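Visitor: Provided below for reference: sequence and predicted model.
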Amino acid sequence: MAKRKGGSGDYKEELRHLQIELVKLQRHLIACDLQILILFEGRDAAGKDGTIKRIVEHLSPRETRVVALGKPSDRDRNSWYFQRYVPHLPSRQEMVLFNRSWYNRAGVERVMGFCSDHEYRNFMASVVPFERMLVSSGIQIIKYYLDIDRAEQKKRIEARHTDPLKQWKISPVDETAVSHWDEYSIARNEMFAKSHSEQAPWYVVSANDKKRARLNVIRHLLSTVECPEHDCREDQPDSDIVFPYDGRHLLSGRIAP
């Protein structure tokens, strides 16, 4: 089968092909007692919801969970920061996808002042050891950062006000996202520098084109989890769309400034 890149051919046909491969992957995950944890981060309106939806659309809901936690409660704020996330971690035979994760502290909480400097510094010092502990316990962590440019974010947020099917996505934080673009860039860059590790590396997704981003995230996921039923040679991701974080990409403009 010809190598698919996401920019050509019929999107629905390619998506169906990849979703069939995801079902094979899930069978392998169950048979081998694997634990897969996928974290989705990125700018507001970067396309996290749509990407997650396409991944889980045809997977078994018994072994697949999507976690999108709301505003922390008073008890959450008075507990160990990671405590509210721990109950949602995957057990054996499960795939769990976090639509935003503990990296809220490195992004929106940092930029909007929802955490103190001490809480932020403590998180940045703790996150790599925390993830290393999860990996050593048998959990495979895959971290995606969906990257869009300033103009694309503005266009998508404005569309939420005019499209009645998207208005549930509007939030006070979204309303300030564009005006705080530079602050989010600084927070993102520091997050990458301090939490990109060998055990749990960051993968950046160029997501200005939603469809290409979705297809290539699925291809990357299929190529990252070893599965004998899936021929990884067929569906390698486009390296211009999904690529490992490297600080040089911030200087070259490959990651939106």
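Guide: Okay, I see it.

Visitor: switch to C-alpha atoms for all contacts and neighbour counts from now on
Guide: OK.

Visitor: by contact count, what packs against the helix or strand harbouring residue 16?
Guide: Assigned by DSSP states H and E, residue 16 falls within helix 11-31. Packed against helix 11-31, as judged by 3 or more CA pairs under 8 Å, 6 or more residues apart in numbering; DSSP states H and E, are the following elements: helix 48-56, helix 210-224.

Visitor: what does that helix contact?
Guide: The contact list for helix 11-31, computed with CA atoms under 8 Å, 6 or more residues apart in numbering, reads 4, 6, 35, 54-55, 58-59, 63, 92-94, 211, 215, 218-219, 222, 225, 227-230.

Visitor: give me the buried subset of these.
Guide: Buried members of the contacts of helix 11-31, counted by 16 or more other CA atoms under 10 Å: 4, 6, 35, 54-55, 59, 63, 92-94, 211, 215, 218-219, 222, 225, 227, 230.

Visitor: re the thing from before, and the angle from the helix holding residue 16 to helix 210-224?
Guide: Using axes from the mean of the first three to the mean of the last three CA atoms, to 10 degrees, one finds that helix 11-31 and helix 210-224 are set 30 degrees apart in direction.

Visitor: give the buried residues for helix 11-31.
Guide: Neighbour counts over helix 11-31 (16+ other CA under 10 Å) mark 15, 18, 19, 21, 22, 23, 24, 25, 26, 27, 28, 29 as buried.

Visitor: stretch 172-190 too?
Guide: Residues of stretch 172-190 classed as buried: 174, 177, 178, 181, 183, 184, 185, 187, 188, 189 (neighbour count, 16+ other CA under 10 Å).
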